[in-house]
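In: this is the structure alone, sequence omitted:
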């Protein structure tokens, strides 16, 4: 099992550019989510999905878009990049609550994004 | 709404001495609590979780944490630090287990 994979590992954008951060998991997890990590602020939830075709907003959704067409993939789109979106982005996945509570969330290695 | 406060942004210990990382939480009802570890330039790994089965929770690599409802605390301890324990540690709370709320992190420094 590869677990949770993210691409790219590093990315530099100019203000106003758009891009998609890729996330994939091979554990057949229903739940997937995106977090951003900023110094001194821990991780904050951007968007999450409880299954294919279902997404919802987290704590800091503005400026980001997601879709979930398959169980395996959960891409994060930056529509018009801003310097405030400079951050490290983590994708995570887990089994859904229906399979039992308190399932561990597995995290990918992260994407370090810089917006100039 | 739930929240987490990690009381120390940095903790420095010598190798072989005990580790204590402090965490207080706020939750409207019985929470699930977790500790995650992040080594430099790596993703996050679950150390341990509290799910109301037992107040003293044992995790990987010799770490454990005790849930104290009266003090709303979930401190992480290890009897003897190892150089490989140097990392950032996050206390996490969840009322809805799928939505995690992270503390701001504690960086553990271990000196020889």
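Out: Cool, got the structure. Since we're looking at a predicted model, the values are computed, not measured. Residues are numbered from 1 along each chain as shown, chains lettered A, B, ... in the order given.
In: rest of the way, CA atoms for contacts and neighbours
Out: Will do.
In: show me what from chain B comes close to chain A.
Out: Where proximity means Cα under 8 Å from any Cα of the partner chain, the interface of chain B facing chain A comprises B:32, B:41-46, B:51, B:90, B:97-105.
In: which of those fall within helices?
Out: Of the positions in the residues of chain B next to chain A, not one sits in helices, assigned by DSSP state H.
In: gap between the two ends of stretch A:5-14?
Out: From the first residue to the last, stretch A:5-14 extends over 25 Å; the measure is Cα to Cα, to the nearest Å.
In: what comes up buried for that stretch?
Out: The neighbour-count check on stretch A:5-14 (16 or more other Cα atoms under 10 Å in any protein chain shown) flags A:5, A:6, A:7, A:13 as buried.
In: what does stretch B:24-33 give?
Out: Under the neighbour-count rule (16+ other Cα under 10 Å), stretch B:24-33 has B:24, B:25, B:31, B:32, B:33 buried.
In: what is the nearest of the residues you listed to chain A?
Out: Set against chain A, the nearest of those by Cα to the nearest Cα is residue B:32 (7.3 Å).
In: so what's that closest one bridging to?
Out: residue B:94 (DSSP bridges).
In: pLDDT value on it, please?
Out: Confidence per residue is given as pLDDT, and for residue B:32 that number is 86.
In: would you quantify the distance from the most centrally placed residue in chain B to residue B:43?
Out: Note on chain B: the residue nearest the mean C-alpha position is residue B:35, at 3.7 Å, using Cα atoms, centre = their mean. For residue B:35, the distance to residue B:43 (Cα to Cα) stands at 14 Å.
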